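Build the 3D model from these lines:
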Amino acid sequence: MKPTDAELEILHVLWASGPSTVRQVHEHLSQSRDIGYTTALKLMQIMYEKGLLSREEEPDRRPNRSHTYSAAVSEEDTQRGLVNRFVETAFRGSASKLVMQVLGQHKTSREELDEIKKLLNDLNRD
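Next comes the predicted model:
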């Protein structure tokens, strides 16, 4: 399932920080943009319903009990899905067009170019 941009922001927080409460995620997101607590809560509830997040209730049975949320999808699988969809829709399935566009538009360091060459050499051996 493809997460929305807002959902992806929340996933980034959880991938980096690990299991967190809505308050912790909200505090992190608030450092870079204006987002209300109830907006973060609603997004995370929707993400839980969609299967993007898992949640555990605190054992305390108070009415205002908190939940701890975790990413139910891996960062690598999510990136792979997003890239595959992007390549299919924007580049008609051509990975080489994507690579040419990226390399032509962005400054690439010597280290990155060496990594790309190594990857290409590894792919050629298969």
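
mind listing the helices for the chain?
5-17, 22-30, 37-50, 75-90, 95-105, 110-125 (DSSP state H).

so which of these gets nearest Tyr69?
Closest approach to Tyr69 among the helices of the chain is made by helix 37-50 (5.6 Å; C-beta to C-beta). Quick note: C-beta positions are derived from backbone N, CA and C, even for glycine.

which strands and helices sit next to the closest one?
helix 5-17, helix 22-30, strand 53-57, strand 67-71 (3 or more C-beta pairs under 8 Å, 6 or more residues apart in numbering; DSSP states H and E).

With distance to Glu112 as new columns, can the ones you listed be given to me in a markdown table?
Formatted as a markdown table, the helices and strands packed on helix 37-50 follow (distance: least, C-beta to C-beta, whole Å):
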| stretch | distance to Glu112 |
| --- | --- |
| helix 5-17 | 21 |
| helix 22-30 | 28 |
| strand 53-57 | 32 |
| strand 67-71 | 27 |
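
What residue spans form the domains of the chain?
5-75, 94-126 (automatic domain parsing).

Skip the chain neighbours and tell me the closest residue to Ala40.
His26 (4.2 Å; C-beta to C-beta, 6 or more residues apart in numbering).

Right, I'll call it a day here.
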